[in-house]
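1. only geometry, no sequence info:
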C-alpha cells in the first residue's frame, strides 16, 4: 500500500481505538498492525504528539505480573477531535470512492 495513504490515517486510527478502550502503546501498535502494515516504532511518536496536543493523557497501571504499563486514554479534547476528524474522513472517502467508481457526477 502507498505509504502516503497510511501516513495520513494512522493518527485517526489511534484516536478511533482509544475512543473505545484505553490501551498501552505496544497493545495499540499490535492491534493496528493487524489491519495496517506499520513498523514497530510508528505508533509511539504519534502518541507523543497526541499527548503534547492534549488529545491523550497517560496513567500507569500495575498488572499482576510485570512492571506497570503506561496506558493512553482520550481526553475530552481528544474525543471531540476524533468525532470531527472521523466525520471529515468518512465524508472525504465517500467522495473519493465515488470518483474512483466513476459516480462523481451522480
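-> Alright, I've got the coordinates. All of these numbers come straight from a predicted model, not from anything done at the bench.
2. local confidence estimate at residue 8?
-> pLDDT recorded at residue 8 is 76.
3. give me the element the residue positioned nearest the centre of the chain is part of.
-> Central residue of the chain (C-alpha atoms, centre = their mean): residue 14, 1.5 Å from the mean position. Following DSSP states H and E, the helix or strand that holds residue 14 is helix 10-20.
4. burial check on residue 52, number of neighbours?
-> Using other C-beta atoms under 10 Å, residue 52 is surrounded by 9 other residues. (Glycine included, C-beta is placed from N, CA and C.)
5. correction: the previous question concerned residue 56.
-> 23.
6. backbone dihedrals for it, please?
-> In terms of degrees, to the nearest 10, the main-chain angles of residue 56 are phi -130, psi 160.
7. go on, residue 101?
-> According to degrees, to the nearest 10, residue 101 has phi -80, psi 0.
8. returning to what we had before: how about the residue nearest to the centre of the chain, nearest residue that isn't a chain neighbour?
-> Spatial nearest neighbour of residue 14, excluding adjacent residues (C-beta to C-beta, 6 or more residues apart in numbering): residue 46 at 5.8 Å.
9. the one you found: what's it in contact with?
-> By C-beta atoms under 8 Å, 6 or more residues apart in numbering, the contact list for residue 46 reads 10, 11, 14.
10. perfect, that will be all.
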